[in-house]
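Enquirer: Next comes the sequence, and after it the predicted model I'd like to discuss.
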Amino acid sequence: MHPLLQISLVLTAFCANALIILLLMMRPSPQAKRILDLTRDRGANYLEESKKKKVTLHSVLEVVRGLRTRLGLREDKKLRGRFLAAGLRSQGDADIYFGVRLLLPLAALVGGSFIPSNTGFWMMGLTAVGFMAPDMVLTELIRRRREKIRLGMPDAIDLLVICVEAGLGLDQAILRSGQELALSHPPIAEEFTQINLEQRAGRARLEAWTGMAERTKLEVIRAFTSMLAQTDRFGTPVSKALSAFSDSLRTQRRQQAEELAAKTTVKLVFPLVLFIFPSIFIVLLGPALITIVKSLGTVFAK
């Protein structure tokens, strides 16, 4: 190939790559597009598009709700409690759950029919997995939310102590703590907001806290509810009770961490015996065994 032709091809490829990179770098981000829409008075169109999406989603949920009603799939009290424990409080979440539980097994059944080998097995297996997958996802959401609440309760109680010692009542302290914890601990903020709304609706304080304990099913929340009940019954200062409970909770967490650290020595025995010790024996005894075998070979050869 002529050198000039090679140079022209290289320059053409370089210019094409540079143009593609320049177009990608100059492409505006979604935030920049949103700002540009607002500066061009296109905010109304953006709101109209979002409204159309909401209407479409609402229509789909209405279809799912009608199909669920015809099939007799109703939301019982136990399932509603699981939704609340996972932080899913709207009716649309339940419709999405039932819709996925209805459509996913059908999609898995159709997908399994395209597998050439063991088609019947894959169809039955994927259908069962598709039916159980939404329930497994819901269980995982509940577990993660409970873990977040358990880890964030000491900070929430410390903030309650600060609010109470600053002169706020317990109800106002709960509301203020929920507002402050919205970024760092959203599940606790949601529970505190729910407690405040229930109290505004006329529910007693202890009943609202008991409802939170029933939703989360955490021993920490149950102990906290019992502490509040005893404080209200015997008339002890709330700030002192909260401080003592926070100290005991942090001590309990430290003891649990020490317990887990002590268990690591026992858990390390199995990987040591199965993986590390055989490698060490091979490295240390391998050369000696090779030397012994060679020596015995020469002896028997003589």
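Expert: Arrived safely.
Enquirer: hey, where'd the helices end up in this structure?
Expert: Using DSSP state H, the helices assigned to the chain run over residues 3-26, 30-39, 43-71, 77-85, 91-112, 119-165, 170-180, 186-200, 205-216, 219-234, 238-267, 269-271, 277-301.
Enquirer: in the protein, which helix or strand is least confident?
Expert: helix 43-71 (a mean of 55; mean pLDDT, DSSP states H and E).
Enquirer: hmm, who's touching stretch 264-279?
Expert: In this structure, no residues lie in contact with stretch 264-279 by CB atoms under 8 Å, 6 or more residues apart in numbering. C-beta coordinates here come from the backbone N, C-alpha and C atoms, glycine included.
Enquirer: domains for the protein, by residue range?
Expert: 43-144, 145-265 (automatic domain parsing).
Enquirer: Output the ones you listed as JSON lines; include the columns mean neighbour count and distance to Ile7.
Expert: Formatted as JSON lines, the domains of the chain follow (neighbours: other CB atoms under 10 Å; distance: least, CB to CB, whole Å):
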{"stretch": "domain 43-144", "mean neighbour count": "14", "distance to Ile7": "49"}
{"stretch": "domain 145-265", "mean neighbour count": "16", "distance to Ile7": "58"}
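Enquirer: Take the ones you listed and lay them out in CSV including distance to Leu284.
Expert: Listed next are the domains of the chain as CSV, based on distance: least, CB to CB, whole Å:
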stretch, distance to Leu284
domain 43-144, 45
domain 145-265, 24
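Enquirer: low-scoring stretches of the chain, by residue?
Expert: 1-6, 8-10, 15, 18-19, 22-76, 91-92, 300-302 (pLDDT under 70).
Enquirer: how does it look with 80?
Expert: 1-81, 88-103, 105-106, 112-119, 122, 232-236, 296-302 (pLDDT under 80).
Enquirer: And the contacts of stretch 210-229?
Expert: 81, 84-85, 145-146, 149-150, 153, 157, 191, 194-195, 198, 203, 205-206, 209, 238, 241, 245, 249.
Enquirer: how about the CA coordinates for that stretch, as PDB?
Expert: The C-alpha trace of stretch 210-229 is given here as PDB (Å, rounded to 0.1, in the frame of the first residue of the first chain):
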ATOM      1  CA  THR A 210     -46.700  -0.400  69.700                       C
ATOM      2  CA  GLY A 211     -47.800  -0.200  66.100                       C
ATOM      3  CA  MET A 212     -44.200   0.600  65.100                       C
ATOM      4  CA  ALA A 213     -43.000  -2.300  67.100                       C
ATOM      5  CA  GLU A 214     -45.500  -4.600  65.300                       C
ATOM      6  CA  ARG A 215     -44.500  -3.300  61.900                       C
ATOM      7  CA  THR A 216     -40.700  -3.600  62.400                       C
ATOM      8  CA  LYS A 217     -40.700  -6.700  64.700                       C
ATOM      9  CA  LEU A 218     -37.400  -5.700  66.200                       C
ATOM     10  CA  GLU A 219     -36.500  -6.400  69.800                       C
ATOM     11  CA  VAL A 220     -34.900  -2.900  70.000                       C
ATOM     12  CA  ILE A 221     -38.200  -1.200  69.200                       C
ATOM     13  CA  ARG A 222     -40.200  -3.500  71.600                       C
ATOM     14  CA  ALA A 223     -37.800  -2.700  74.400                       C
ATOM     15  CA  PHE A 224     -38.100   1.000  73.500                       C
ATOM     16  CA  THR A 225     -41.800   0.800  73.600                       C
ATOM     17  CA  SER A 226     -41.800  -0.900  77.000                       C
ATOM     18  CA  MET A 227     -39.400   1.800  78.300                       C
ATOM     19  CA  LEU A 228     -41.800   4.500  77.200                       C
ATOM     20  CA  ALA A 229     -44.800   2.700  78.700                       C
END
